[in-house]
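*Asks:* coords please:
(4 chains)
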Number of protein chains: 2
Amino acid sequence: MADVTVTPLPNRSAPAQAEVNAHSEPSWDLIELLFFAYRDFVSDPDDVLAKFGFGRAHHRVLHFVNRHPGIKVADLLDVLKITKQSLGRVLKQLVDQGYVVQKEGENDRRQRLLYVTPKGEQLAMKLAGLQTARIAGALAELGPGAHEAARRFLVAMIDADGRDGVQRLIARADRARRPRS
Amino acid sequence: MADVTVTPLPNRSAPAQAEVNAHSEPSWDLIELLFFAYRDFVSDPDDVLAKFGFGRAHHRVLHFVNRHPGIKVADLLDVLKITKQSLGRVLKQLVDQGYVVQKEGENDRRQRLLYVTPKGEQLAMKLAGLQTARIAGALAELGPGAHEAARRFLVAMIDADGRDGVQRLIARADRARRPRS
DNA sequence: ACAGTTACGTCAGCCATATTGACATATTTC
DNA sequence: GAAATATGTCAATATGGCTGACGTAACTGT
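*Replies:* The predicted model follows:
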């Protein structure tokens, strides 16, 4: 595919964009900015986690357990899109070291519902704080409405069929962590 | 590295709570949306790459060599922030299989300047096309100005000290790939 | 009540990608 | 000519994915 045709496209940093599609010039700027932004975004937590002997995998598990107290193992697997074997390794470490606890489900005693301990919550919140600081710094540089613009862009970047699920997940988590508000 | 000191923070959630480093409620929505959006963003190329026996590492190398014809190995290492040993493995595969070629530097014959072959360019453009399609689809759902808003947000998310370098990199690449415009 | 399904765990092995550290080889620079 | 630079390579190690197979407890439906 793709003759790399030289389309002049005087797309300076001005507003009013070109309608880009697969046949036209790639969106080099956003492709690369996503790469760099995401790399830096995860680097802050990485540094802290390294001191605990943890990695990114632990972060993701801890994060979603913190956000979804009582989440089922199966649901966590679904969110992370990894196998139970992969999850098992990091989850075991988090449990053994007292960051996460497992409780039997009340209705269904096969389930191992996951909760963060106070120690786990502390770490999770610390990591979230780092990422929030970066986000807040970025949004502060931009005008009001930047938060909403970023949110809408990111939502639109998610697979169409997973989009609603993700948004429901986020909304549900907001309620879960704020039981009596 | 920041004592995690208490910071009272009248937290209406359950027991013994939350010390956010960033003295405010975490930006849960953007934190999670970045995770999901980026995961889907890289999944399209991943699927194609798998058919070639390549992975994400190959994609990154191919991408930046394509964008920066004649890039020095040292500069590529700097952009990717990996070690030369890590680069060496994937680069060797790309060279052996005819996606990338190395040429001696004219001024400095120690350098091995990197270029994509036509075959390499074709693959790089195919992958960029997939990511561009996703981006274009997202931007099309949002109003005009969404591209610029996304660009500014992502730039602001990059480490302050790397930001200028990244933007110069992108601008330079735009010129490099468009020699006779 | 029993068969089948579900939720979860675990053992074993493989692969990709990253790391550190040491060393080798040209080549350029001072 | 010595030192610094650009690159390559060998070896060992860690992390975090994967597949496949198997096990066990608990729920579900006829």
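
*Asks:* Go ahead and confirm A:Gln71 touches A:Leu114.
*Replies:* If you look again at residue A:71, you'll see it is Ile, not Gln. Yes - counting by C-beta atoms under 8 Å, A:Ile71 sits close enough to A:Leu114 to count as a contact (5.3 Å). In short, each C-beta sits where N, CA and C put it, glycine included.

*Asks:* higher neighbour count, those two?
*Replies:* Each of A:Ile71 and A:Leu114 has its neighbours counted (other C-beta atoms under 10 Å in any protein chain shown); A:Leu114 has more, 26 against 21.

*Asks:* check contacts around the residue most central in space within chain A.
*Replies:* Taking C-alpha atoms, centre = their mean, the centroid of chain A lies closest to A:Arg60, which sits 7.7 Å from it. Residues in contact with A:Arg60 (C-beta atoms under 8 Å, 6 or more residues apart in numbering or on different chains) are A:Leu80, B:Phe35.

*Asks:* Give me the distance between A:Gln97 and A:Asp29.
*Replies:* 42 Å (C-beta to C-beta, to the nearest Å).

*Asks:* Which one of the two is surrounded by more residues?
*Replies:* A direct count of neighbours by other C-beta under 10 Å for A:Gln97 and A:Asp29 places A:Asp29 higher, at 21 against 15.

*Asks:* What's the separation between the more buried one and B:Thr83?
*Replies:* 28 Å.

*Asks:* cool, and A:Ala37?
*Replies:* 22 Å.

*Asks:* quick one, which of these two is more surrounded?
*Replies:* For A:Ala37 versus B:Thr83, the count of surrounding residues by other C-beta under 10 Å is larger for A:Ala37: 24 against 9.

*Asks:* Remind me what the host helix or strand of A:Asp161 packs against, helices and strands.
*Replies:* Element membership of A:Asp161, judged by DSSP states H and E, is helix A:160-176. Helices and strands touching helix A:160-176, as assessed by 3 or more C-beta pairs under 8 Å, 6 or more residues apart in numbering or on different chains; DSSP states H and E, comprise helix A:146-157, helix B:28-52.

*Asks:* Which one, of those helices, ends up nearest to A:Leu123?
*Replies:* helix B:28-52 (14.9 Å; C-beta to C-beta).

*Asks:* angle of the closest one against helix A:160-176?
*Replies:* 150 degrees (axes from the mean of the first three to the mean of the last three C-alpha atoms, to 10 degrees).

*Asks:* Does helix B:28-52 reach chain A?
*Replies:* Yes - Helix B:28-52 is in contact with chain A by C-beta under 8 Å from any C-beta of the partner chain, via B:28-41, B:43.

*Asks:* quick one, the helix or strand that that helix is followed by and helix B:28-52 angle?
*Replies:* Tracing the chain past helix B:28-52, the next element assigned as helix or strand by DSSP H and E is helix B:56-67. Angle, helix B:56-67 to helix B:28-52, by the same axes, to 10 degrees: 90 degrees.

*Asks:* Tell me which helix or strand the residue in chain A that chain B sits nearest to sits in.
*Replies:* Relative to chain B, the nearest point of chain A is A:Gly129 (3.0 Å; C-beta to the nearest C-beta). For A:Gly129, the element it lies in under DSSP H and E is helix A:118-141.

*Asks:* That concludes my questions; thank you for your assistance.
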